[in-house]
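In: structure for the following, please:
(one chain, ligands or ions: 2)
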Amino acid sequence: MKLLVVGSGGREHALAWKLAQAPRVQLVYVAPGNGGTAQDERLANVDITDIGELADFAEREQVAFTVVGPEAPLAAGIVNLFRSRGLKVFGPTKEAAQLESSKDFAKAFMKRHGIPTAAYETFSDAAAAHAYIDAQGAPIVIKADGLAAGKGVVVATTLEEAHAAVDMMLADNKLGDAGARVVIEEFLAGEEASFIVMVDGKHVLALASSQDHKRLLDGDRGPNTGGMGAYSPAPIVTPQLHARVMREIILPTVSGMEKEGIRYTGFLYAGLMIDAQGNPKTLEFNCRMGDPETQPIMARLKGDFSKVFEHAIAGTLNTVELEWDRRTALGVVLAAHNYPDAPRKGDRISEIPAETADAVTFHAGTTLVDGKLTTSGGRVLCVVGLADSVRSAQSIAYETVNQISFDGMQYRHDIGYRAVSRKQPN
Ligand code: AMP
Ligand code: GLY
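Out: Ligands and ions are numbered 1, 2, ... in the order given. Prediction:
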């Protein structure tokens, strides 16, 4: 069978890489893909991003099903369109994707259904927002309502920063329509984890837990990014916490959407904040897999992933059991010069070490220029190491990182540090 993965990041490379491992999968198209998916002979890049043209392509090539990676085509209605044309696709409809595409929708939904999250108010009037900030005090969190490619959240530690964020979004319109409304919410302290599940409209299948590292610099300093590294499993997600998150957050979300007449299908990602007492709250929902979380998660997944998608599309996820490599997978993102502000493109990348049983490199912002691998985006590569302990997985990942270079390459040296300090040294 032939499959189609929509997107061009490390998440899509990892999904396509995993799907292509199944013997019955002949070819995985990736649209538009990147330099890494171009080089893998089991994958083929397709230079299409328009959702109508993607549907034409899937029909013409008799693609068995399509998996959508990023939020933008989901929010644009790619799943609605594919379904209306009788094409099999895994992802949420445009309506369901509002859980990610509108923070106000997500917060109001959580409030209606008693799903734990930070207290909040929504504003479109700058003066009212400023007054609310003065009444609440700092720290406080300002979020653009719409999709802002990772730039829409300001965790303000001072009142000045909070007021400036409101001015940036509401007065100066720096984020356009996405920032025309803002959610202002209570600051939550604790440790974050990514909780990602597959949903078929009714049944939920949890993937392995993971933890991202959003800040650019070691020790969680510097600006927020799309994610500088991730590992799976995340030891903070104990079996007890897992059960609680399913019961208090994931299942009420899926059933709440159904009650409101919006069947949720697709990946559902709850970004969690877990406080010192171990209580989880929902920071955000994403209607897709995480990037870079997908890279270590896919590195650990065993078996034929294409069959899991078939069940997800048929509504029989309740019959599926996933099997995971018991090792920890840890991925380090190699970012371009000046990421995340204005990443430089066009830097030549050195030879990438070949995949081994315990190390694999997924591409994101890479492209082939005259057959040579070149940077083409902010997050360039994600190097994943697998080993029995977090510390060893770290060593393997960084050994591979040390074999790769490009001008301006920047990365964090401490991916997995929370898990290392949590676990007894072994
Ligand atoms: P989001 O895009 O909503 O995930 O927010 C980006 C990042 O901002 C999160 O990963 C957290 O690190 C931080 N953040 C978001 N909301 C809050 C909150 N209410 N309290 C503390 N940190 C937050
Ligand atoms: N790694 C965070 C995200 O995908 O939103």
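
In: start and end of stretch 249-266, how far apart?
Out: Across its full length, stretch 249-266 reaches 16 Å end to end, with Cα to Cα, to the nearest Å as the criterion.

In: same thing with stretch 369-387?
Out: Chord length of stretch 369-387, first to last residue, is 34 Å (Cα to Cα).

In: sort out which residues of it are buried, please.
Out: Within stretch 369-387, the residues that qualify as buried by neighbour count (16 or more other Cβ atoms under 10 Å) are 373-387. To be clear about C-beta, it is placed using only N, CA and C from the backbone, and glycine gets the same treatment.

In: repeat that for stretch 197-216.
Out: For stretch 197-216, the neighbour count (16+ other Cβ under 10 Å) marks 197-201, 203-214, 216 as buried.

In: how about that stretch and ligand 2, any contact?
Out: Yes - applying Cβ under 6 Å from any ligand atom, one finds that stretch 197-216 is in contact with ligand 2 at residue 212.

In: for the closest residue to residue 39 other than its chain neighbours, name its beta-bridge partners.
Out: Excluding its sequence neighbours, the residue lying closest to residue 39 (Cβ to Cβ, 6 or more residues apart in numbering) is residue 368, at 7.4 Å. According to DSSP bridges, the partner residues bridging residue 368 are residue 373.

In: do the same with residue 332
Out: Following DSSP bridges, residue 332 is listed with bridge partners residue 229, residue 383.

In: ok, the spatially most central residue of the chain to residue 388 distance?
Out: For the chain, the residue sitting closest to the mean C-alpha position, by Cα atoms, centre = their mean, is residue 290 at 1.5 Å. Residue 290 sits 24 Å away from residue 388, taking Cβ to Cβ, to the nearest Å as the criterion.

In: for residue 174, same thing?
Out: The value you get for residue 174 to residue 388, if Cβ to Cβ is used, is 47 Å.

In: when the two are compared, which one has more neighbours?
Out: Neighbours were counted for residue 174 and for residue 388 using other Cβ atoms under 10 Å; residue 174 has more, 15 against 12.

In: what sits against that one?
Out: Residue 174 makes contact with residue 168, according to Cβ atoms under 8 Å, 6 or more residues apart in numbering.

In: tell me which helix or strand it sits in.
Out: Using DSSP states H and E, residue 174 sits in no helix or strand.

In: how near is it to ligand 2?
Out: When Cβ to the nearest ligand atom, to the nearest Å is the yardstick, residue 174 and ligand 2 sit 21 Å from each other.

In: any idea how far that residue lies from residue 183?
Out: In this structure, residue 174 lies at 16 Å from residue 183, with Cβ to Cβ as the measure.

In: do the same with residue 173
Out: 17 Å.

In: same check on residue 189?
Out: As judged by Cβ to Cβ, residue 189 and residue 183 stand 19 Å apart.

In: now do the contacts for residue 364.
Out: Contact partners of residue 364, counting by Cβ under 8 Å, 6+ apart, are 8-10, 13, 34, 291, 333, 377, 379-382.

In: model confidence score at it, please.
Out: Reading off the per-residue confidence, residue 364 sits at a pLDDT of 98.

In: how about it, nearest residue that isn't a chain neighbour?
Out: On the basis of Cβ to Cβ, 6+ apart, the spatially nearest residue to residue 364 that is not a chain neighbour turns out to be residue 10, at 3.9 Å.

In: residue contacts, the one you found?
Out: So residue 10 contacts 291-292, 294-295, 333, 362-364, 379, 381-382 (Cβ under 8 Å, 6+ apart).

In: that one and residue 188, how far apart?
Out: Taken as Cβ to Cβ, the spacing of residue 10 relative to residue 188 amounts to 28 Å.

In: my understanding was that residue 282 contacts residue 113; is that so?
Out: No - counting by Cβ atoms under 8 Å, residue 282 stays clear of residue 113, with 10.8 Å between them.

In: so those two - more neighbours on which side?
Out: With neighbours defined as other Cβ under 10 Å, residue 282 and residue 113 compare such that residue 282 has more, 23 against 15.

In: bridged to that one, which residues?
Out: Here residue 282 shows beta-bridge partners residue 117, residue 272, assigned using DSSP bridges.

In: how far away is it from residue 97?
Out: With Cβ to Cβ as the criterion, residue 282 and residue 97 are 16 Å apart.

In: with residue 64 instead?
Out: 23 Å.

In: circling back: can you give me the pLDDT of the residue nearest to residue 364?
Out: 98.

In: ramachandran coordinates for residue 323?
Out: As for residue 323, its main-chain torsions (degrees, to the nearest 10) stand at phi -120, psi 130.

In: now it. Nearest residue, chain neighbours left out?
Out: Of all residues beyond its chain neighbours, the one nearest residue 323 is residue 302 (4.3 Å), with distances taken as Cβ to Cβ, 6+ apart.

In: against residue 325, how distant is that neighbour?
Out: Where residue 325 is concerned, residue 302 sits at a distance of 6 Å (Cβ to Cβ).

In: helix or strand: which one has residue 377?
Out: With secondary structure defined by DSSP H and E, residue 377 is part of neither a helix nor a strand.

In: excluding chain neighbours, what is closest to it?
Out: With Cβ to Cβ, 6+ apart as the criterion, residue 377 has its nearest non-adjacent residue at 2.3 Å, and that residue is residue 365.

In: residue 64 and residue 97: who's more crowded?
Out: Regarding residue 64 and residue 97, a neighbour count based on other Cβ under 10 Å identifies residue 97 as having more, with 31 against 19.

In: that one and residue 74 touch, don't they?
Out: Yes - with contacts counted by Cβ under 8 Å, residue 97 reaches residue 74, the gap being 4.4 Å.

In: overlap in contacts of the two?
Out: Between them, residue 97 and residue 74 share these contacting residues under Cβ under 8 Å, 6+ apart: 91, 266, 287.

In: pLDDT, distance to ligand 1 and secondary structure for those - can I get that in CSV?
Out: Conversion of those to CSV gives the following (pLDDT from 0 to 100; distance: Cβ to the nearest ligand atom, whole Å; DSSP: H, G, I helix; E, B strand; the rest coil):
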residue, pLDDT, distance to ligand 1, secondary structure
91, 98, 19, coil
266, 98, 18, strand
287, 97, 13, coil
